[in-house]
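1. Could you work out the structure for the sequence below:
(one chain, ligands or ions: 2)
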Amino acid sequence: MSSQSPIPVVVNGAGGKMGLEVIKAVANAQDMVLLGAIDRNPKIQGEDIGELAGCGALEVPVMNDIQAILAMASQEKQTAVMVDFTHPDSIYENVRTAIAYGVRPVVGTTGLSPQQIQELADFADKASTGCLIIPNFSIGVILMQQAAIQAAKFFEHVEIIELHHNQKADAPSGTAIQTAQLLGELGKTFNPPSVTESEKISGARGCIADENIRIHSVRLPGYIAHQEIIFGAPGEIYLLRHDTTNRSCYMPGVLLAIRKILGLKSLVYGLEKIL
Ligand SMILES: NC(=O)C1=CN([C@@H]2O[C@H](COP(=O)(O)OP(=O)(O)OC[C@H]3O[C@@H](n4cnc5c(N)ncnc54)[C@H](OP(=O)(O)O)[C@@H]3O)[C@@H](O)[C@H]2O)C=CC1
Ligand SMILES: O=C(O)C1=N[C@H](C(=O)O)C[C@H](O)C1
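-> Ligands and ions are numbered 1, 2, ... in the order given. Model prediction:
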């Protein structure tokens, strides 16, 4: 057992689907202590977040005051970490605020633009502060992306389908965007046209992401988070698929990120970089 003091953790979006999972995971981690729970949902203000997460009272009330909680976290002897699973509209400001208070952001929230990520990287650099932006914390998803990188060396044609619950605000998913980016880094342009296509209804062929890779987004109740990467060549289809069956799959990655961020001095994008 380490003699170091536990890592103080603040969870933003604590009352949400992911936030509640993170609360349970942090509460059960011996080397972490839950310091604060931020959420804007008016129905849960002042409630004990441990009770809401189903892991018993933690004496941490939900508050909608990021400044006050980060100010408190910045007073801790051990550097504090803010885990954020909120909303695409607020994540840019949340990260800047955390860094300004010297609190390390572990970002699960998706929907940041490439320009916003670059600005946050510059901001983190100037502050010599670690910042982790992780489009997907699942180990299975990282393995699927790595398999796709191998396959993409041999296939010229690929499309991505991502399928999510219908409460998701952003499309395409952060995972699908990152998958296209990873394939794009191979330096080849995919899907050379074989005919002149015309969309009879706009959007029929999805959106075009990096290196001409199409992404199709499905939103339906009943799904959690799923992705297919489909490679095609004459006479064969190579299909990679990942299914999330429970949000607990993200927690080993979240806990790893909380531990690893303390050793970083700049922004890192993607779980695969810290495995
Ligand atoms: N990186 C990864 O592996 C994963 C990423 N995600 C991403 O995480 C994000 C959250 O997902 P999920 O938990 O499903 O969403 P939920 O809507 O279930 O939870 C978000 C919570 O944050 C609250 N909230 C929203 N904006 C703010 C804000 N500005 N300040 C404080 N609280 C806020 C919401 O309150 P209210 O309900 O009142 O809006 C809600 O309680 C999404 O961007 C999603 O794509 C999800 C799963 C895995
Ligand atoms: O909103 C979700 O649920 C998820 N969002 C992330 C994304 O946009 O890729 C990660 C995972 O797909 C679940």
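2. Residues of the stretch 101-250 of the chain that sit close to ligand 1?
-> Residues of the stretch 101-250 of the chain lying close to ligand 1 by C-beta under 6 Å from any ligand atom are 108-111, 134-137, 168, 250. Quick note: C-beta positions are derived from backbone N, CA and C, even for glycine.
3. now those in CSV, with distance to ligand 2?
-> Shown next, in CSV, are these (distance: C-beta to the nearest ligand atom, whole Å):
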residue, distance to ligand 2
Gly108, 7
Thr109, 9
Thr110, 4
Gly111, 8
Ile134, 9
Pro135, 5
Asn136, 5
Phe137, 8
Lys168, 4
Tyr250, 8
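4. Can you tell me which of the residues you listed lies closest to Ile44?
-> Nearest to Ile44 out of these is Thr109 (C-beta to C-beta; 18.5 Å).
5. wait, what's in contact with that closest one?
-> Thr109 sits next to 13, 84-88, 90-91, 94 when contact means C-beta atoms under 8 Å, 6 or more residues apart in numbering.
6. hmm, 6 Å instead?
-> Residues near Thr109 by C-beta atoms under 6 Å, 6 or more residues apart in numbering: 84-86, 91.
7. And the pLDDT at the nearest residue to it once chain neighbours are set aside?
-> Leaving out its chain neighbours, the residue that sits closest to Thr109 by C-beta to C-beta, 6 or more residues apart in numbering is Ile91, at 4.2 Å. With respect to pLDDT, Ile91 has a value of 98.
8. This protein: strands as residue ranges?
-> For the chain, the strands defined by DSSP state E occupy 7-12, 32-38, 62-63, 81-84, 104-107, 131-133, 157-164, 207-208, 214-219, 225-233, 236-244, 267-269.
9. Include mean neighbour count when you put these into TSV, please.
-> Listed next are the strands of the chain as TSV, based on neighbours: other C-beta atoms under 10 Å:
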stretch	mean neighbour count
strand 7-12	27
strand 32-38	23
strand 62-63	20
strand 81-84	27
strand 104-107	27
strand 131-133	27
strand 157-164	21
strand 207-208	14
strand 214-219	17
strand 225-233	19
strand 236-244	14
strand 267-269	20
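10. Next, format these as CSV and append distance to ligand 2 and mean pLDDT.
-> Formatted as CSV, these follow (distance: least, C-beta to the nearest ligand atom, whole Å; pLDDT from 0 to 100):
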stretch, distance to ligand 2, mean pLDDT
strand 7-12, 15, 98
strand 32-38, 19, 98
strand 62-63, 21, 98
strand 81-84, 13, 99
strand 104-107, 11, 98
strand 131-133, 12, 98
strand 157-164, 5, 98
strand 207-208, 14, 97
strand 214-219, 10, 98
strand 225-233, 4, 99
strand 236-244, 7, 98
strand 267-269, 13, 98
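11. Just put the ones you listed in CSV and tack on distance to Ala257.
-> Shown next, in CSV, are those (distance: least, C-beta to C-beta, whole Å):
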stretch, distance to Ala257
strand 7-12, 11
strand 32-38, 12
strand 62-63, 22
strand 81-84, 8
strand 104-107, 5
strand 131-133, 5
strand 157-164, 21
strand 207-208, 28
strand 214-219, 25
strand 225-233, 18
strand 236-244, 17
strand 267-269, 9
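12. out of those strands, which comes closest to Ile44?
-> Relative to Ile44, the nearest member of the strands of the chain by C-beta to C-beta is strand 62-63, separated by 4.9 Å.
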